[in-house]
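A.B. asks: below are the sequence and a predicted model; questions follow.
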Amino acid sequence: MAFRFLHMSDVHLDTPFRGIAKAWPDLQKVLQEATFESFRQLIDIAIEESVDFVIVAGDLYDSKDHSMRARLEAARQFARLGREGISVYLAHGNHDPFDPDGVRWPENVKVFPAGRVSRFEVVRQGEVLTEIQGMSYPESAVKDNWVPAFRPDAASPFHIAVLHTNVDGQPGHDNYAPARLSELMTAGFDYWALGHVHTRAVLAENPWVVYPGNVQGRHINEPGIKGAYLVDVHDPDQVRLTFRRSSVVVFERLTLDASRVEDEAALAELVGDVLQGVDLDLPAIIRLEVSRPNARLRQELMTVEARQEFLNQWRPDLRQPHWILPAEIVWVDAPHQAGKFAASRDFWGEVERQLAELTEDPAAMAALLRPVFQKNTHRGLKLALLESQNMAAMASFAKQSLAAWTEGEDQDGD
């Protein structure tokens, strides 16, 4: 019964990359192409490795209002698999909920219907290799636990379940189709092909509970190499996973110690030295996380415009195969600064305590930070962060401001 398959999820075809495009508009076309190219690379791998089938565990598209290009490219690549006798088992997720009037797929594509578990048998030369069960999202926000609806067929030699889910409430992801690892492991399936969480993770091996992660990083909070899992099955007790990469552009963080840096000229020299040491065989978009900057450096690079101008000196030639772009600077407080105010009973202590608690409520975060941002004499951001409700940006700026303003208070008594 030996067989192999490719498990991918969260392709997010045609991601617009609007955030980074605002600062680096020439990058947008490169990045938009990256999701298509990473998808094509995985289709190439499936054909080269002669897999029996491919599983796409949700979010093939970045949006339910996906472009015609995304639809046509997905159909074209799946048709390539069909010509090689490779089937595709496709679940729709929260980004691309099932549309009954959507794409007419090639015959080799089997789509799990919305809101109910459907079952397919994979047969080769008259032998049943495995059964695959799954279901698609009928709408963007699914709050129900779907695991009890999955029931393996005792007659099948191997059982696969496809589910776009958040297991055990993993942070940073909407808690859609919530599930517990304990219930997945006792549901009777040999392999849970999961999607939704963009970080690659094998949650369990007996049975296998697997997130392949997304196929291409989309921002700095999705760093590192992305891809899919090639899965070889000999019997339920002999399963081997091999990670195959598909990233076209990689996001990374670099930490710089600025404790001996006096001004932006010295910081530029330090950044140049660090970038010289980057050893990547892919184009890279870098966040520079600068620790222990002095008050002068913070002041010189306080505004978004100043930081952008500073970084422009490293604008890469995008025609080169391994370009590196330092795309943003963030201040990282020294370890002794973390939690500095949490025990205080004054205004700053309350801000830091609430910042630690507010992790999934941008509106509440904005309400908390409005008086803080207004206090800042550099409100050159003009409260734009509050209006955007960008949680990561608001929290990062607030923490930077806490350190900068309190340094000023310590020195000036303001």
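C.D. replies: Yep, that arrived.

A.B. asks: so Arg307: helix, strand or coil?
C.D. replies: helix (DSSP: H, G, I helix; E, B strand; the rest coil).

A.B. asks: surely it meets Leu301?
C.D. replies: Yes. Counting by CB atoms under 8 Å, Arg307 touches Leu301, with 5.0 Å between them. All C-beta atoms are positioned from the backbone trio N, CA, C, and that covers glycine.

A.B. asks: for the residue nearest to Val162 when sequence neighbours are not counted, which residues make a bridge with it?
C.D. replies: Spatially, and ignoring its direct neighbours in sequence, Val162 is nearest to Gly134 (3.2 Å; CB to CB, 6 or more residues apart in numbering). Applying DSSP bridges to Gly134 gives these bridge partners: Ser118, Val162.

A.B. asks: thinking again about what came up before, ok, Arg307 and Leu301, which is more surrounded?
C.D. replies: Leu301 (22 against 18; other CB atoms under 10 Å).

A.B. asks: picking up where we left off before, overlap of the contact sets of Arg307 and Leu301?
C.D. replies: Ile329 (CB atoms under 8 Å, 6 or more residues apart in numbering).

A.B. asks: give the buried residues for stretch 293-304.
C.D. replies: The neighbour-count check on stretch 293-304 (16 or more other CB atoms under 10 Å) flags Pro293, Leu297, Arg298, Glu300, Leu301, Met302, Val304 as buried.

A.B. asks: no no, stretch 82-100
C.D. replies: For stretch 82-100, using 16+ other CB under 10 Å, the buried residues are 82, 86-98.

A.B. asks: can you check stretch 40-50 too?
C.D. replies: So, applying 16+ other CB under 10 Å, buried residues of stretch 40-50: Arg40, Gln41, Leu42, Ile43, Ile45, Ala46, Ile47.

A.B. asks: what does that stretch rub up against?
C.D. replies: Contacts of stretch 40-50 (CB under 8 Å, 6+ apart): 4, 6, 8, 54, 77-78, 80-81, 84, 86, 215, 227-228, 230, 244, 246, 248.

A.B. asks: which of those fall in strands?
C.D. replies: Of the positions in the contacts of stretch 40-50, Arg4, Leu6, Met8, Val54, Gly227, Ala228, Leu230, Arg244 sit in strands, assigned by DSSP state E.

A.B. asks: show me the shaky parts of the stretch 101-250 of the chain.
C.D. replies: 101 (pLDDT under 70).

A.B. asks: let's see that with 80 instead.
C.D. replies: 101-103 (pLDDT under 80).

A.B. asks: for Ala306, give its distance to Leu194.
C.D. replies: 43 Å (CB to CB, to the nearest Å).

A.B. asks: for the two, indicate the residue with more neighbours.
C.D. replies: A count of neighbours by other CB under 10 Å puts Leu194 above the other of Ala306 and Leu194, at 27 against 15.

A.B. asks: right, I'll call it a day here.
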